[in-house]
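*Asks:* Provide a 3D model corresponding to the input given below.
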Amino acid sequence: MDSKVIYDIFYLLAAILFILGVKLMGHPRTARRGNMFGVLGMTIAIVISIMKANDIMKVNDIMKANEALVSLQPFTLFVIGLCCMIGIFFGAILATRVKMTEMPQLVAVFNGIGGLASVLVAGAALVVATDLFVDEKIATALSGFIGSITFIGSAVAAGKLQELNFFKKGFPLPTFLRHILNLALVCGCGWASYSLLNASSDQAVLLYIAICGFGFVLGYTLTAPIGGADMPVVIALLNSYSGIAASATGFVVGSNILIIAGSLVGASGIILTSLMCVAMNRSLLSVLFGGGKVGVDVDADEVYATVKRTTADDVAMMADMAERVVVVPGYGMAVAQAQNAVSDMADILEARGVTVEYAIHPVAGRMPGHMNVLLAEADVDYEQLKELEEINPTFETVDLAIVLGANDVVNPEARKEGTVISGMPILDVDKAQQVVIIKRSLGPGYAGIPNPLFAQDNASMLFGDGREMIQEIITSLKEL
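*Replies:* Residues are numbered from 1 along each chain as shown. Alright, predicted model coming up:
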């Protein structure tokens, strides 16, 4: 059988594994299996690509005529293999050492690396190509432009998520001038891309550098003005960008598997972005063009003037007397690594006849599905996880709502006009009979505004580390 046919069969197998992987990762129970399918598909794609590249080098007429190039073939394969091993090594380190609280930053970094890889591969293909067709040049320009936007945009997003001081600064230009600058950058890229179609080899490289330069600047001007409350949307959008850039690069280098993989990432990313926009009540266009809501300043001292404190013993008594308890997890639970303690507390309450559920906001944490993954780690039954639309109509029948490290997703300010979260669907925790908020302090959430829920008549604050406070509640429950 022709080797090309064999390679195509394995590429098809890899594509099927990618599709199955995406499908299975849509549910927490099958996510691990889906991830393994994706890993297996990518392993097949890499191995077959190396074998195919080796065959191409063997039959290439230019290499046959040039002994120096022939002698470089083993070295080239060695470099490819070495790079794969380096990638596996660093991937293994990241997989074992990066905490769940840092996972959103890691996703942003991976998106950026994917975008940069597309820029470099498309650029290398342009440098070595003797003659590219028009469609290949268009794909090269798209790969460079979108990939560079993804790289810088992801770096900015990671910096914001890590709360680095440089990325906390406001964007120096007014909104109108920023949009003018963005339009100028897009026009500049369009001009360079059009010129690339009829340029000589040397000119093409310079124009490609210009395209990437425009993209790098645009990546910053698009992402820097976006507020922290919109970061889950930005992460999903940048994920889509990285896939689109990879797919365009696949057209440049003639790799069908790269086109398929990139298309899957790009399509799933844009679908997730759309879902996140609905969850945040944001316009997709506003996110695409770096839009963000600006709110008015609120005096936190005035909002929190009537805050009441409580103790772990009091919370244990409330929970023990309740018929229905709802835990509302947020980023604070991830920071404290309190998911296992929460699961243990739920087991004790359920043994006493209390119904325990978990209210999951679609953007709780700092990336889509953050809370689902944490609770799955603690072996929480998926049937206990209730999405916003399902649990909101029932909050009035909840005896006790325990808010663990969540802030913006339970902030009633979303129901008012003129705040950075105005219109964002929230969990109606304030309608529960009793509310206990476990936080280290009264510090604001990622949106940067006070939360009047903390000072409501039916709410009380339990200050401290999330895991330690839950463990103290467990201790008190056992003593009742």
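
*Asks:* check contacts around Gly365.
*Replies:* Pro104, Pro232, Gly330, Tyr331, Ala334, Met371, Leu374 (CB atoms under 8 Å, 6 or more residues apart in numbering). For every residue, glycine as well, the C-beta is placed using N, CA and C.

*Asks:* Tyr241 contacts Thr150, correct?
*Replies:* Yes - assessed by CB atoms under 8 Å, Tyr241 is found in contact with Thr150 at 4.2 Å.

*Asks:* what about those two, which has more around it?
*Replies:* Thr150 (32 against 27; other CB atoms under 10 Å).

*Asks:* which other helices and strands contact the host helix or strand of that one?
*Replies:* For Thr150, the element it lies in under DSSP states H and E is helix 134-161. In terms of contacts (3 or more CB pairs under 8 Å, 6 or more residues apart in numbering; DSSP states H and E), helix 134-161 is packed against helix 103-128, helix 165-168, helix 175-197, helix 201-223, helix 231-253.

*Asks:* relative to helix 134-161, how tilted is the fourth one?
*Replies:* On the basis of axes from the mean of the first three to the mean of the last three CA atoms, to 10 degrees, helix 201-223 is oriented at 30 degrees to helix 134-161.

*Asks:* give the buried residues for helix 201-223.
*Replies:* Residues of helix 201-223 classed as buried: 204, 207-208, 210-223 (neighbour count, 16 or more other CB atoms under 10 Å).

*Asks:* low pLDDT regions in this structure?
*Replies:* Counting by pLDDT under 70, the chain contains low-confidence ranges at 1, 28, 56-73, 100-101, 130, 168-170, 227-229, 286-299, 366.

*Asks:* now do the buried residues in the top helix by length along it.
*Replies:* In the chain, assigned by DSSP state H, the helix with the most residues is helix 67-97. The neighbour-count check on helix 67-97 (16+ other CB under 10 Å) flags nothing as buried.

*Asks:* and the angle for that helix with helix 103-128?
*Replies:* Going by the same axes, to 10 degrees, helix 67-97 makes 170 degrees with helix 103-128.

*Asks:* which residues sit against stretch 269-289?
*Replies:* 179, 182, 222, 226, 229-230, 232-234, 236-243, 291-292, 361-363, 368, 388, 423-425.

*Asks:* still on that earlier bit, could you pull out the buried residues of the helix holding Thr150?
*Replies:* So for helix 134-161, counting by 16+ other CB under 10 Å, buried means 136-161.

*Asks:* next, the angle from that helix to helix 175-197.
*Replies:* 150 degrees.

*Asks:* tell me what angle helix 134-161 forms with helix 231-253.
*Replies:* 150 degrees.

*Asks:* the domain parsing of the protein - what is it?
*Replies:* 3-288, 300-479 (automatic domain parsing).

*Asks:* just the ones you listed: most buried one?
*Replies:* Mean neighbour count (mean count of other CB atoms under 10 Å) peaks for domain 300-479 among the domains of the chain, with a mean of 19.

*Asks:* distance from stretch 352-362 to the middle of the chain?
*Replies:* Relative to the chain's own centre, stretch 352-362 is displaced by 26 Å; criterion: CA atoms, centre = their mean, to the nearest Å.

*Asks:* what's the end-to-end length of it?
*Replies:* One end of stretch 352-362 to the other measures 30 Å (CA to CA, to the nearest Å).

*Asks:* contacts for that stretch, please.
*Replies:* 275-276, 279, 319-320, 322-329, 346, 349-350, 368, 371-372, 375, 380, 384-388, 391, 401, 406, 409-410, 426-427, 429.

*Asks:* which of those fall within helices?
*Replies:* Of the positions in these, 275-276, 279, 319-320, 346, 349-350, 371-372, 375, 388, 391 sit in helices, assigned by DSSP H.

*Asks:* okay, these in a markdown table with distance to Ile16 next?
*Replies:* Below are the ones in helices among the contacts of stretch 352-362 laid out as a markdown table (distance: CB to CB, whole Å):
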| residue | distance to Ile16 |
| --- | --- |
| Leu275 | 25 |
| Met276 | 28 |
| Ala279 | 31 |
| Ala319 | 48 |
| Asp320 | 52 |
| Ala346 | 39 |
| Leu349 | 44 |
| Glu350 | 41 |
| Met371 | 31 |
| Asn372 | 26 |
| Leu375 | 31 |
| Leu388 | 34 |
| Ile391 | 37 |
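
*Asks:* name the nearest of those residues relative to Glu472.
*Replies:* Ala319 (12.3 Å; CB to CB).

*Asks:* relative to Gln339, how far out is that closest one?
*Replies:* 17 Å (CB to CB, to the nearest Å).

*Asks:* same question, Ala199
*Replies:* Ala199 is 56 Å from Gln339, by CB to CB.

*Asks:* how about Phe89?
*Replies:* Distance from Phe89 to Gln339, by CB to CB: 29 Å.

*Asks:* ok, now Gly26?
*Replies:* 21 Å.

*Asks:* before we move on, what about Ser476?
*Replies:* 20 Å.

*Asks:* can you check Thr419 too?
*Replies:* Relative to Gln339, and taking CB to CB, Thr419 is found at 30 Å.

*Asks:* same deal with Pro225?
*Replies:* 34 Å.

*Asks:* how about Gly369?
*Replies:* 14 Å.

*Asks:* same deal with Ser49?
*Replies:* 39 Å.

*Asks:* and what of Asn392?
*Replies:* Where Gln339 is concerned, Asn392 sits at a distance of 23 Å (CB to CB).

*Asks:* do the same with Gly115
*Replies:* For Gly115 relative to Gln339 (CB to CB), the value is 32 Å.

*Asks:* over to Cys84?
*Replies:* In terms of CB to CB, Cys84 sits 35 Å off from Gln339.

*Asks:* just Ala117 next, same as before
*Replies:* 34 Å.

*Asks:* now do Asn54
*Replies:* Going from Asn54 to Gln339 by CB to CB gives 47 Å.

*Asks:* do the same with Pro174
*Replies:* 43 Å.

*Asks:* what's the answer for Asn182, then?
*Replies:* Between Asn182 and Gln339 the computed distance is 41 Å (CB to CB).

*Asks:* now do Asp314
*Replies:* Where Gln339 is concerned, Asp314 sits at a distance of 23 Å (CB to CB).

*Asks:* which ones are touching the nearest residue to Val253 once chain neighbours are set aside?
*Replies:* Leaving aside its chain neighbours, Val253 sits nearest to Ala125 (5.4 Å; criterion: CB to CB, 6 or more residues apart in numbering). Contacts for Ala125 (CB under 8 Å, 6+ apart) come out as Leu132, Thr140, Val252, Val253.

*Asks:* swap in Lys478?
*Replies:* By CB under 8 Å, 6+ apart, the neighbours of Lys478 are Ile348.

*Asks:* could you measure from it over to Lys160?
*Replies:* Taking CB to CB, one finds Lys478 at 42 Å from Lys160.

*Asks:* then Ala117?
*Replies:* From Ala117 to Lys160 the distance is 23 Å (CB to CB).
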